[in-house]
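Asker: please work out how this folds:
(one chain, ligands or ions: 1)
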Amino acid sequence: MSYTMRVLEKVIKQNPNEPEFHQALTEVLTSLQPYVDAHPEYEKAGILERLCEPERIVMFRVPWIDDSGKVQVNKGYRVQYSSAIGPYKGGIRFHPSVCLSIIKFLGFEQILKNSLTGLPIGAGKGGSDFDPKGKSEREVMAFCQSFMTELYRHIGPDTDVPAGDIGVGAREIGYMYGQYKRLTNTFTGVLTGKGLTYGGSLTRKEATGYGLVYLIEEMLRQHGNSFEDKTVAISGAGNVAIYAAEKVKQLGGKVVTMSDSDGFVYDPEGIDLDAVKEIKEINRGRISEYTKYRSSAVYTPGRGVWNIKCDVALPCATQNELNAEDAKTLVKNGCIAVGEGANMPSTLEATEVFLQNKVLFVPGKAANAGGVAVSALEMSQNSMRLAWSFDEVDRKLKDIMVNIYNNISNVAKEVGQEDNFVVGANIAGFKKVADAMMAHGIV
Ligand code: NDP
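Answerer: The predicted structure is shown next:
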């Protein structure tokens, strides 16, 4: 058995009951196999064993008091996965499904994603099984303060710089930042996604969605195509989905769907983003309310968003939201390109369906890297105590996304798998981290 497959088998055995982590490992190691096996120096240095094992995992209790005066306890996590090429960097997720397996899969993916940005950032991920949905402002603040009261001793502007993710937006970052500042008596760029009045970067809010569309646009362009007049299906209705939809619209495409965990809306006339922003960003409501704004829209409870006919699909909600059946339906309906705004939204089997049917498929670690890239630009601005304009950050974001596309596309060609961006992204991301690890010795 090859070195890569031996490591995969061993790591899965050492970490039982972590299906999402196993899935991410399987996807990455399987596609790295020919490349890694052709470089025996990696085996000699134990690169894969070290890459798969987080440098540090912190798990902690998060006690807080709800509005009825009852004590609540949630689980808190921070996985500091790899500092080979920079300080740990990656989001914090607040969602009831959060567990070690999910945080580890996200942290592992983050190693390669952060490497692909070309910026000096290592990888981490954190979160809690706390659900901000339905909680009062005071409860959310109490939770965030308690979460940071433990986390603050493990992070720092040159050590680990967390950001937002599912359930963690500007409000939660603000409360966590306030508590960090109070506990440490410092004002530093320790979190990204901050508000503009206290060190945040313009374009950060839009970065993941815009970045996704910039990369897919470049891919379409190099295949003689564009977003102009394309019908686009998007899942989710959060930060990534909303700004992906906004950029698609600016580039002449028509977004016809958005969803949340209750169901999806289909609006054949094109989604009205002002309505979605009002429902989601201002009222923190449900996507079902969209039909009150537009008579052309139909709401369907449950999953099913991928049954809608589209040219381009952008899954922007969560992991494993698109399975093999969905992928077959998309192929049957003539979908030509899929860009993952979410992390690992396609199952391994769905990815296989796309690759076999020559759908242009870009995995999340490349396609959604714009968020962390602009977070790294926020860190640069904080260090310099400067603030760049929206256009300046947006230009840098676009350059980064075009470079990522060229990088993954060239690497795929080099290994004889043209347009296999899964292989391209995994090898391109891995190379830089592995070479840095080789330079550092056995640490
Ligand atoms: P938000 O919390 O802003 O939005 C998440 C959206 O996905 C909501 O519409 C939510 O619906 C839906 N969703 C979440 N969980 C589920 C589920 N189990 N089933 C169905 N729908 C679900 O998060 P983001 O937009 O920030 O993140 C979306 C994805 O993008 C995640 O995979 C995240 O890791 C990834 N990502 C985010 C980045 C960022 O900068 N924010 C950067 C890179 C990747 P509901 O409200 O009903 O829960």
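Asker: from now on I want contacts and neighbour counts done on CA atoms only, so please keep to that.
Answerer: Noted.
Asker: and the pLDDT at Ile103?
Answerer: Ile103 is assigned a predicted lDDT (pLDDT) of 98.
Asker: swap that for Arg395, please
Answerer: According to the predicted model, the pLDDT of Arg395 comes to 98.
Asker: tally up the residues packed near it, please.
Answerer: Arg395 has 11 neighbouring residues, counting by other CA atoms under 10 Å.
Asker: now do stretch 29-45: distance to the chain's middle.
Answerer: The chain centroid and the centroid of stretch 29-45 are separated by 26 Å under CA atoms, centre = their mean, to the nearest Å.
Asker: let me fix that, I meant to ask about stretch 396-403.
Answerer: Averaged over its C-alpha atoms, stretch 396-403 has a centre that lies 17 Å from its chain's centre (CA atoms, centre = their mean).
Asker: for it, which residues meet the burial criterion?
Answerer: Neighbour-count burial for stretch 396-403 flags 397-398, 400-403 (criterion: 16 or more other CA atoms under 10 Å).
Asker: wait, does that stretch contact the ligand?
Answerer: No. With CA under 6 Å from any ligand atom as the measure, stretch 396-403 is seen stopping short of the ligand, the closest distance being 12.9 Å.
Asker: other residues contacting that stretch?
Answerer: Contact with stretch 396-403 is made by 117-118, 207, 211-212, 214-215, 218, 367, 369-370, 373-374, as judged by CA atoms under 8 Å, 6 or more residues apart in numbering.
Asker: which ones among these map onto helices?
Answerer: When DSSP state H is applied, those are split such that 207, 211-212, 214-215, 218, 367, 370, 373-374 fall in helices.
Asker: redo these as TSV? Include distance to Lys358, pLDDT and neighbour count.
Answerer: Shown next, in TSV, are the ones in helices among the contacts of stretch 396-403 (distance: CA to CA, whole Å; pLDDT from 0 to 100; neighbours: other CA atoms under 10 Å):
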residue	distance to Lys358	pLDDT	neighbour count
Ala207	28	98	27
Gly211	23	98	31
Leu212	20	99	32
Tyr214	21	99	25
Leu215	18	99	27
Glu218	17	98	20
Ala367	18	98	31
Gly370	25	98	32
Ala373	29	98	28
Val374	31	98	29
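Asker: just to revisit the earlier point, for the buried residues of stretch 396-403, give me CSV that also has secondary structure.
Answerer: Putting the buried residues of stretch 396-403 into CSV (DSSP: H, G, I helix; E, B strand; the rest coil) gives the following:
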residue, secondary structure
Leu397, helix
Lys398, helix
Ile400, helix
Met401, helix
Val402, helix
Asn403, helix
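Asker: what is the most widely separated pair among those residues?
Answerer: The widest separation within these, taken as CA to CA, falls between Leu397 and Asn403 and amounts to 9.9 Å.
Asker: elements contacting the helix or strand where Glu49 lies?
Answerer: Taking DSSP states H and E as the definition, one finds Glu49 inside helix 47-52. Using 3 or more CA pairs under 8 Å, 6 or more residues apart in numbering; DSSP states H and E as the contact definition, the elements that helix 47-52 packs against are helix 3-14, helix 421-440.
Asker: just how off-centre is it within its chain?
Answerer: Centroid displacement of helix 47-52 relative to its chain, using CA atoms, centre = their mean, is 22 Å.
Asker: could I get the pLDDT score of the most centrally placed residue in the chain?
Answerer: The centroid of the chain falls nearest to Asn343 when counting by CA atoms, centre = their mean (4.6 Å). Confidence at Asn343, expressed as pLDDT, is 98.
Asker: got the residues of this protein near the ligand?
Answerer: When proximity is defined as CA under 6 Å from any ligand atom, the chain approaches the ligand at 164-167, 208, 236-241, 259-262, 316-319, 341-343, 368, 371.
Asker: can you do 5 Å?
Answerer: Where proximity means CA under 5 Å from any ligand atom, the interface of the chain facing the ligand comprises 165-167, 236-240, 260-261, 317-318, 342-343, 368, 371.
Asker: quick one: buried ones out of these?
Answerer: Listed as buried from the residues of the chain next to the ligand are 165-167, 236-240, 260, 317-318, 342-343, 368, 371; burial here means 16+ other CA under 10 Å.
Asker: need the max-distance pair from the residues you listed.
Answerer: The largest distance within those, taken as CA to CA, falls between Asp260 and Gly371 and amounts to 20.5 Å.
Asker: strands of the stretch 201-350 of the chain, start to end?
Answerer: Assigned by DSSP state E, counting those that start in this stretch, the stretch 201-350 of the chain shows strands spanning 231-235, 254-259, 263-266, 298-301, 312-315, 337-339.
Asker: now render those as JSON lines, adding mean pLDDT.
Answerer: Conversion of the strands of the stretch 201-350 of the chain to JSON lines gives the following (pLDDT from 0 to 100):
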{"stretch": "strand 231-235", "mean pLDDT": "98"}
{"stretch": "strand 254-259", "mean pLDDT": "98"}
{"stretch": "strand 263-266", "mean pLDDT": "98"}
{"stretch": "strand 298-301", "mean pLDDT": "98"}
{"stretch": "strand 312-315", "mean pLDDT": "99"}
{"stretch": "strand 337-339", "mean pLDDT": "99"}
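Asker: I'm done for today, thanks for sticking with me.
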